[in-house]
Each structure stands twice: as structure tokens, then as C-alpha cells.
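J.: show me how the following folds:
(2 chains)
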Amino acid sequence: MHFKDRPIQNKLMRVMLFTSGAVLLLTCVAYFTYEYYSFRQATAQQLSTLGKIIAANSTAALAFQSKADADEILAALSAEPHIIAACLYDKDGNLFAQYPADLPKEAFPPVSSKKGYHFESQHLSGYQPVLQGDKQLGTLFLRSDIEAMYERFKLYGSIALLVIVLSFVLVYFLSRLLQRSITKPILSLAQTAQAITYRQDYSVRAQKMSRDELGMLTDAFNQMLNQIQIQTHEIHLFNQKLEQSIADRTAELEIANKELESFSYSVSHDLRAPLRSIDGYSRIMLEDYGDKLDDNGRRTLNVIIKNALRMGTLIDDLLAFSRLGKQNVTKVNLDMNFLTATVVEELKVQYNREAEMRIGPLLDVEGDSSMIKQVMTNLISNALKYSMKKEKPVVEIGSFEENGNHVYYVKDNGAGFDMQYYDKLFGVFQRLHSTHEFEGTGVGLALVHRIVARHGGKIWAEGVVDVGATFYFALPTEKIASIPSNT
Amino acid sequence: MHDVDVLLVEDNPDDAVLVIRELKKNHLGNKVIHLPDGAEALDFIFSRGKYSDRKIEDRPKLILLDLKMPKVDGLQVLRAIRADERTKYIPVVLMTSSREERDIVESYSLGVNAYVVKPVNFDAFSKAVSDLGMFWILVNETPK
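T.: Residues are numbered from 1 along each chain as shown, chains lettered A, B, ... in the order given. This next block holds a predicted model:
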């Protein structure tokens, strides 16, 4: 795990251990360096003093060339265990006496004029001239091992190691103890935040444990919670109000809807009854008294009958239009080629068998089977109706894809319409042609418009007077949220 | 054994005249009784009030019932007919101007024999009436 991802307790512990370790190490290194140099100096000083004493004592032995005396003096060095070799050279540089006596002569270096003591790898050695007045009688050579120094360093090393280990243990326990004052408030803050996120309960507050920066953080956190709680409460109240007003509106709408339903019920029942009488009695008049009327009288009765029937159709269309608002859109996958072929078959019988039908391959779409069939029926029957007075009526049906929609169009070369009146095209009971020219109630396109809108689609048209009209409708291909039924 | 072939319950006298005219045209209208509302129809069917002399067992061959009538409507009359052992098998045809789905559903759940929407068009209307009369009076057999 990366250091920055470790828990804060672990992080603090590591920081403290690392810091104290670094300090201890630095202290030890400094101490060792100091000890090393001061010890070397002291050892060299000691050996030099010893050399001077022995040299002074050897003056007589060398002056009288007494080897026995010289040996005796050197043998006294056995009292100093660190001296591993010593010898006296005469003034010509020949080995005169040596210590210890059994050491081979090759072990001693030839005499050197080099004065003073210096450290070799394992030893400290040096030469001391033996003087009588100003006259040099010979030279003393001394060699001491520096085992003592290493032993001392070993001891120091062990002590330092022990101190470091002990300090680490101490630091570990102390830091465990002390870090709590920092980590505890942080952990409690983190736990509170987590609990709030988990339970969505903004009434919980973090406990303030100190007056330092963490205390400030806790205060700020709690203040933030206060604000959230207030805002949540306000949102809740607002939602309640909203729900209430929605419920009120729904109730109002339901009442309005009921009224509308009973209205359309009355329309369908009560408006049709008088029409039936007008039609029925006019026909009785024709049947029973037709022979007593002249042509004009009979024509008059036929006009009455025709208009009563037209009014009946109007009522039926209007009811179909209002019923559509209540009907649910049940979407299934539609084979538009099959659906269109069926519609065309039905309509060709009713309208113009001579019309040329150009039906391109049509894309499938999701939609309410009976509603989309109604759309196709109305558009194609319009196309046939408005083109039937042409010499060569042509109706073209096709589809294409555009912006994720499937667009269908029905094009004719009929009467067309003036784009100036486009805004009236899809209105209920709006007609751009007189009944005298073309039959119709003015509900068909309004119905089509409503169905397409209920499917979340779009309808539009292009027209030129006496050249023809094209009606397009686009249906979404992806599934969309179903449109509420009261549209 | 029937002294009534068709009982026509219709509040609109103009419609009633048209229906009776059509029945007569098809020689089905000899024994037609026309009553103007549901309350009187119930009195007639169950031999009550001014019809207490009548025997309930003299069932009409067919009842043509308008749906929407003042006081007692067609569905209530139908419910009463179907609830009584003595009258439950009488063929009842509802004739109405309404194409409302809920009316059709309720009529069938109450056990109507047919539901006919009165067309505005007289030709269609007269054909509907004569077809109904032909079938229910001349063709159909009911339990004795």
C-alpha cells in the first residue's frame, strides 16, 4: 500500500519512528566520529610517552654496548600487553636488541629516519631516537596493536544499538499514546460523516474534542450539517406542498374529465336522437307522400336528409377525437409495409381504383397498431380524395430515417393547399376546402396530429395549390416514457 | 299463447313511431306494446299497478329496451328481468344511441341478448329493426 493511502494512525506512527530514528542515527554517528579521533590521539600520545621513557633508559645500554641490559629494558615492556614488538638499533642501524626475544629478525622493519607514530592497518608503530646529549646513540622501534580501540568501539556500537532499539520501542508506545489526541477527533469526524452518508440522517452532530484546528473543522462540519438539515427540511416542505398541489390539480382534472365524459356521453346520446327523427321522418315523408310532392319538394327533403347524416358523421368524428385522449397507447412493433398495404386495399375500393400507388419499402416502428393504422388511413384517404379530380392521380408513400426517428410521408399530386393557411391545417373542424369541393368534417388531420403527438412524434406538411401536398410524420425509434393519457 | 310479441320501452315517441313502423312493414307489429319509461315497463312485466290483471307468465317474445330513460333506465329494467326466475329467459335487446364502451360491457355482464346502436341513418335503422324482429320473433326459440 502506498504511504498516502495508509490509515492516519499508521502514518503518524511511521513519521514519529522515522524522525526519532534519524535523530538517533545522526547523534550516534557524530559521537562515534568524535570518539574515534580522540581515542587515536590518546593512544598515539601514550605510545610516544612510553617510547621516550624506554629510549631514556636505553641510553646507557647502547653507550656501553651492553646487550643484556638492553634486553632487560625491553623485556619490561611485557607489562604493557598492547606492545607486540619493540627493538633497538645501534647508531649504524643494525638490530641491537629485540622484544619479544623469539620474534624472527625479518619481523622488524629496517631503521627509518621517520620520526613520530603512525597508524597502519592493524597497528600503531613508530621510531624514537635514543639520544645522549646531542649525540644519537641508536633508534628505538615500537609497535602496538589497536585491538583496544576496536574493542571499545564494539562496546560503544552495542550500547548504541541497544539505545536505538529501546528508543524505538519507547517511541512506538509513546506515539501510540500521544497520537490519539490527534487521530481520535479525525476518526470520529470521519465516522460521523460516513454514518450520515449511509443513513441520510442530517440530525447527527460530530462531537468536538479540542479547540485546535480539528475543533474548528468539527465546528465547520457541524455548521454545514445544520445548513443541510435546514435545506432538507425546506425541500421536504416544498415537496409536500408540491404533492398537495398536484393532488389538488389531479382532483380538479378528474372532476373536469368526468364532466367532459358525461358531456360527450350526452352528446353521443342526445344529439343523435333528434337527427334520427329528422332523417327518419323526412324519409317517411318521401315514402308516404313523395308522389304528392313536386321535384323541388323532394329535393328539399333530400337536402334535409343529407345534412342530418352529415351532422351525424360530425358527431361521430368528434366523439372519436375526444375518446382518443382517454385511450392508452399500447406500443408494439409494427410492420408498416403490411399495415399500409392493408389500408391501401381497403381505401382503393372506396376511392379511385385508377390512382397510381407508389409504395416504397417502409421501415418498421413501435406504435399502437390501431392508432397508427388510423393515421395511415386518414393520410392516404386524404391523398386519394384530393387527387381524384386529377387526370392521372399519383399517391406516393415512403419512409426514411432522420435523427433517430422514422419518418413516413404520403405525397399526392392533388389539390394541394396554400402554405399561408398552414396553421389551420391540423385544427379540429378546420378545413381548407369547401364541402362542396371535397367531402369532409375537418377532424381527420386533427385526429392524426393527436395520435402522432401521443406517440411522442411530430407531424408536418408541405403543399402547393393545384400541384399537390406531402404529409410527413416522424415516430421515435427508441423507447420513450409513455405520454400521460390526458393530452 | 303470447298475447304480446314485442314490448317496446322507449321514452322518445318519435323513435317509437319509427320502430313500430318498421315492425309493421315486416308484419311483426301486430302485437306490439309501447311503454314510455322503465317504471311502467317493470309494472307491466311483473303485473303490478295498472297491469295487475295481467299474468306474469304471458311473457313477451322480445323486449326492445332503450338504455337512457327518465326515472328507471334500461339497465335497471334489464337487471330486474334477469333477477326474477319467471322472466329471466325473455330475450332482451338494448337499443341505444350510445356507443360508450362501459354501457356495452355492463349490458353484457347483466345478460343482454343483443346491444344495438341506433344509427342516425334511417335506412340502416330500419334494417336493424326488421332484422331484430325477424330473428327474435320468428327464428329464436326460448324455454317455455
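
J.: mind listing the helices for chain B?
T.: For chain B, the helices defined by DSSP state H occupy B:13-25, B:38-45, B:74-83, B:101-109, B:122-133.

J.: any idea how far the most centrally placed residue in chain B is from B:S98?
T.: The centre of chain B sits closest to B:L64, judged by C-alpha atoms, centre = their mean, with a distance of 1.7 Å. Look at B:L64 and B:S98: by C-beta to C-beta, to the nearest Å, they are 15 Å apart. Heads up, the C-betas are built off the backbone N, CA and C, glycines and all.

J.: same check on A:V303?
T.: Counting by C-beta to C-beta - A:V303 and B:S98 are separated by 28 Å.

J.: who has more neighbours, those two?
T.: Between A:V303 and B:S98, counting by other C-beta atoms under 10 Å in any protein chain shown, B:S98 is the more crowded of the two (21 against 11).

J.: and the more buried one, what is it in contact with?
T.: If a contact means C-beta atoms under 8 Å, 6 or more residues apart in numbering or on different chains, then B:S98 has A:Y265, A:S268, A:H269, B:L67, B:K68, B:V117 as its contacts.

J.: just the residues you listed now: which is nearest A:I459?
T.: A:I459 lies nearest to A:S268 out of these, by C-beta to C-beta, at 27.3 Å.

J.: which pLDDT value belongs to that closest one?
T.: Each residue has a pLDDT score; the one for A:S268 is 70.

J.: so it is in contact with B:E101, correct?
T.: No: with contact defined as C-beta atoms under 8 Å, A:S268 does not count as touching B:E101 (11.4 Å).

J.: quick one: which of those two has more around it?
T.: Per other C-beta under 10 Å, whichever of A:S268 and B:E101 has more neighbours is A:S268, with 22 against 10.

J.: please identify the deepest-packed of the helices of chain B.
T.: helix B:38-45 (a mean of 21; mean count of other C-beta atoms under 10 Å in any protein chain shown).

J.: for chain A, what are the nearby residues on chain B?
T.: B:12, B:14-15, B:18, B:21, B:67-68, B:96-100, B:118-123, B:125 (C-beta under 8 Å from any C-beta of the partner chain).

J.: quick one: the closest residue to chain A within chain B from B:E10, how far?
T.: Residue nearest to chain A within chain B: B:V120 (3.3 Å; C-beta to the nearest C-beta). In this view, B:V120 and B:E10 are 16 Å apart by C-beta to C-beta.

J.: ok, A:L189 next?
T.: 85 Å.

J.: those two: which has the busier surroundings?
T.: B:E10 (24 against 19).

J.: got the confidence number for that one?
T.: At B:E10, pLDDT is 91.

J.: for it, give me its contacts.
T.: B:A16, B:V19, B:H34, B:L35, B:P36, B:L64, B:D66, B:M69, B:M95.

J.: packing partners of the helix-or-strand element of chain B with minimal mean pLDDT?
T.: Lowest by mean pLDDT, DSSP states H and E among the helices and strands of chain B is helix B:122-133, with a mean of 80. In this structure, helix B:122-133 makes packing contacts with helix A:272-289, helix B:13-25, strand B:62-66, strand B:114-117, judged by 3 or more C-beta pairs under 8 Å, 6 or more residues apart in numbering or on different chains; DSSP states H and E.

J.: how about A:G398, nearest residue that isn't a chain neighbour?
T.: Spatially, and ignoring its direct neighbours in sequence, A:G398 is nearest to A:G360 (3.8 Å; C-beta to C-beta, 6 or more residues apart in numbering or on different chains).

J.: distance of the one you found relative to chain B?
T.: 37 Å (C-beta to the nearest C-beta, to the nearest Å).

J.: just give me the neighbour total for that residue.
T.: With other C-beta under 10 Å as criterion, A:G360 counts 14.

J.: wasn't A:S175 part of a helix?
T.: Yes: using DSSP: H, G, I helix; E, B strand; the rest coil, the secondary structure at A:S175 is a helix.
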